[in-house]
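S.K.: Next input, structure requested:
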Amino acid sequence: MKIHINIKTILAGLFLLMLVLPFASCDNDDDGGLPVIHQVRTTDPELKDSTFVKANPGQMLLIEGENLGGVRKIYINNQDVFFNPNYVTSQTIIVVIPDELELTGENPELPKEIRVETKAGSASYTFHVLSPAPVINRLQVEYPVNPGDRMVIYGENFYEIEKIMLEGRDEEGEPTGVDVEVSQYTYVGANYKTILFALPQGAADNGEIVMYCAADKASIPYARFVQPPAITSLSSDMPIIGAEFFITGDYFIDVKKVNINGEYDILAENLRVAETKDTIYLKLPTEPTKSGKITVTAAGGDSKENKSFYPIEYVIANYDDVGSLSWAGSIFEGDGEKAPYTTTGKAAGVIESNVSAPNWWFGNVLSNIQFRDAIADSTPVSDLVVRYECFVSYPLQTISFQVMFGGDWDNMPSNYVPKSIVTGETEIGKWMTCQIPLSMIAVNATTYSDIKAMGTEMGFFAKNGDEAVAQYEVYFDNLRIVKK
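M.R.: Predicted structure coming up:
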């Protein structure tokens, strides 16, 4: 049996004993004089000299004062809270702020205080239990934004706002010193998630909206004039034709089209833009003939990012014109009626029913792969991954894979499960982009030159654990070696 020791927890416990033991002989029912609270501090031994007047729910507090031994009630925000009499002395009380405590953020009428009651009387200490920190998710405006025009920010935990500032930034994101405070704002609804205000006079053309709350601050970029769209990521660099994928970024406002590698446009009527204007959902109608980049055209112009898209020259198996299926697995083509519904040409897969437990190598896909020259021979294996598209029709449950690469049957990692590089989960009933580090399956290779000297097979060999699985169905396509 392994025993895990948390040193910080032990130190905190010893610190509590040091606080309580010197007064253990005191009679907690001793009336004494009127109770007095001098200060509140943490029980963390690393911060034992720190006093404070605010904390978060769930935090343990040490109340210090006089004549505290006969405590009968402790109130925080005028709410009776539990305390352990064993952690009470005439000079100290240890209490935890309840997680479920009603906070002044939602009920400003509550007193911000700790109150201790004894037989002799009561003592109060001003103390602020903080609401959750604010989060800003999106900004809604109509461009161009002129002074007096409405701006709406959406998020959560807009509690106890101290001020809202529009802080100017230059093109590099550095402060310009042109900062203007929002003089008036209005909550929309009663859930502290939406704020409406007008653009104040003197605000910079570009900058950040910064909300300062008692608990913390949150910010979001703003611009008075519509900006060019900016792409930050793609859910897949080689999506299956006809399967939905998405582009994330900023300023996807009045999107006109998305150009694919300079070959064809996907027009607005075939795009789905999120209300937050930061995500575009789309499907490729046909396969690009070359690698290139995606360009978004919106109200602000064309995106400028040069993110590689559809890297055909890196594909080692697509079951059409590169690579082929070996002795395990079958070839499938999407028919729109049953899984995997759509494919880019052909895909490899396997279908099994009533998989017993335990079971080894019952549903395998073994491919002949074709190494390409798009990657420099000197590239370290540690910089490379095998990326691929995968469709899992049913939850794998206790099924996982051994993965064989380059004919190396002696060094196959076990218990590998395909997971989306976007969500980190095994997505069911849809194509997802997955990857596996090349160093994990080519353990004896150092550079890409070593990889090309290996055998030309790659396989996924399924194995099942301790529970029978009624349905197992997995498909693979567009295996490629790319840089991380």
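S.K.: helices or strands next to the lengthiest strand in the chain in the packing?
M.R.: For the chain, the longest strand by residue count, based on DSSP state E, is strand 469-483. Here strand 469-483 touches strand 315-317, strand 347-355, strand 359-368, strand 384-392, strand 457-464, going by 3 or more C-beta pairs under 8 Å, 6 or more residues apart in numbering; DSSP states H and E. The C-beta positions use only the backbone N, C-alpha and C, and glycine is treated the same way.
S.K.: can I get those strands in a markdown table with mean neighbour count?
M.R.: Putting the helices and strands packed on strand 469-483 into a markdown table (neighbours: other C-beta atoms under 10 Å) gives the following:
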| stretch | mean neighbour count |
| --- | --- |
| strand 315-317 | 24 |
| strand 347-355 | 19 |
| strand 359-368 | 18 |
| strand 384-392 | 24 |
| strand 457-464 | 22 |
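S.K.: Out of the helices and strands in this protein, which is least certain?
M.R.: helix 7-20 (a mean of 42; mean pLDDT, DSSP states H and E).
S.K.: Buried residues, whichever helix or strand comes after it. List them.
M.R.: Once helix 7-20 ends, the next helix or strand along the chain (criterion: DSSP states H and E) is strand 36-42. For strand 36-42, burial by neighbour count (16 or more other C-beta atoms under 10 Å) applies to Ile37, Val40, Arg41, Thr42.
S.K.: swap in stretch 160-173?
M.R.: Buried, per 16+ other C-beta under 10 Å, within stretch 160-173: Glu160, Ile161, Ile164, Met165, Leu166, Glu167, Gly168, Arg169.
S.K.: pLDDT of it, averaged?
M.R.: In this model, stretch 160-173 has a mean pLDDT of 93.
S.K.: Then stretch 92-107?
M.R.: pLDDT averaged over stretch 92-107 gives 96.
S.K.: likewise stretch 366-381?
M.R.: 96.
S.K.: Can you give the domain ranges for the chain?
M.R.: For the chain, the structural domains run 7-129, 135-223, 233-310, 313-483, going by automatic domain parsing.
S.K.: quick one: terminal-to-terminal distance for the longest one?
M.R.: The first and final residues of domain 313-483 sit 13 Å from each other (C-alpha to C-alpha, to the nearest Å).
S.K.: Ok, the third one next?
M.R.: Length of domain 233-310, first residue to last, C-alpha to C-alpha: 14 Å.
S.K.: Let me see the residues that make contact with stretch 80-88.
M.R.: For stretch 80-88, the external contacting residues (C-beta atoms under 8 Å, 6 or more residues apart in numbering) are 16, 20, 28, 68-69, 71, 73-75, 93-98, 101.
S.K.: Same question for the residue nearest to Gly69 when sequence neighbours are not counted, what's its three-state structure.
M.R.: Nearest residue to Gly69, sequence neighbours excluded (C-beta to C-beta, 6 or more residues apart in numbering): Ser90, at 3.8 Å. Under DSSP: H, G, I helix; E, B strand; the rest coil, the three-state class of Ser90 is coil.
S.K.: And for Glu46?
M.R.: helix.
S.K.: What is the neighbour count of it?
M.R.: Number of residues near Glu46 (other C-beta atoms under 10 Å) recorded here: 11.
S.K.: For Ile93, see how far away it is.
M.R.: Distance of Glu46 to Ile93, given as C-beta to C-beta, to the nearest Å: 21 Å.
S.K.: Pick out the shakiest of the domains of the chain, pLDDT-wise.
M.R.: domain 7-129 (a mean of 83).
S.K.: hmm, back to that, is it possible to mark the buried ones in the contacts of stretch 80-88?
M.R.: The buried subset of the contacts of stretch 80-88 - by 16+ other C-beta under 10 Å - is Leu16, Val20, Leu68, Gly69, Val71, Ile74, Tyr75, Ile93, Ile94, Val95, Val96, Ile97.
S.K.: Just confirm Gln201 is within a strand.
M.R.: No. Under three-state DSSP, Gln201 sits outside any strand and is assigned coil.
S.K.: Next up, the contacts around Arg150.
M.R.: Contacts of Arg150 by C-beta under 8 Å, 6+ apart are Val141, Leu196, Phe197, Ala198, Leu199.
S.K.: would you turn those residues into TSV with neighbour count?
M.R.: Formatted as TSV, the contacts of Arg150 follow (neighbours: other C-beta under 10 Å):
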residue	neighbour count
Val141	17
Leu196	14
Phe197	17
Ala198	17
Leu199	19
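S.K.: What is the nearest of these to Ile209?
M.R.: Closest approach between the contacts of Arg150 and Ile209, by C-beta to C-beta: Phe197, at 9.2 Å.
S.K.: thinking again about what came up before, using TSV, please lay out the contacts of Arg150 together with distance to Glu389 and secondary structure.
M.R.: Below are the contacts of Arg150 laid out as TSV (distance: C-beta to C-beta, whole Å; DSSP: H, G, I helix; E, B strand; the rest coil):
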residue	distance to Glu389	secondary structure
Val141	38	coil
Leu196	44	strand
Phe197	45	strand
Ala198	48	strand
Leu199	45	coil
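S.K.: So Val53 is in contact with Arg41, correct?
M.R.: No. Judged on C-beta atoms under 8 Å, Val53 makes no contact with Arg41 at a distance of 10.4 Å.
S.K.: Based on its surroundings, how many neighbours for the residue lying closest to Glu305 once chain neighbours are set aside?
M.R.: With sequence-adjacent residues excluded and distances taken as C-beta to C-beta, 6+ apart, Glu305 is closest to Ile231, at 4.4 Å. Ile231: 22 surrounding residues under other C-beta under 10 Å.
S.K.: Quickly note the distance from Ile231 to Pro288.
M.R.: Ile231 is 17 Å from Pro288, by C-beta to C-beta.
S.K.: Please enumerate the helices of the protein.
M.R.: 7-20, 438-441, 448-452 (DSSP state H).
S.K.: Just the CA trace of the shortest one, in PDB.
M.R.: This means helix 438-441. The C-alpha trace of helix 438-441 is given here as PDB (Å, rounded to 0.1, in the frame of the first residue of the first chain):
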ATOM      1  CA  LEU A 438       6.000   9.300 -33.100                       C
ATOM      2  CA  SER A 439       8.600   8.800 -30.300                       C
ATOM      3  CA  MET A 440       6.000   6.600 -28.600                       C
ATOM      4  CA  ILE A 441       5.700   4.100 -31.400                       C
END
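S.K.: in it, what's buried?
M.R.: Leu438, Met440, Ile441.
S.K.: which ones are touching the first one?
M.R.: Spelled out, it's Leu438. With C-beta under 8 Å, 6+ apart, Leu438 has these contacts: Val381, Ser382, Leu384, Val385, Val386, Phe405, Ala445, Ile451, Ile481.
S.K.: My read is that the second one contacts Val443, right?
M.R.: No. Here Ser382 does not reach Val443: they are 11.3 Å apart, not a contact under C-beta under 8 Å.
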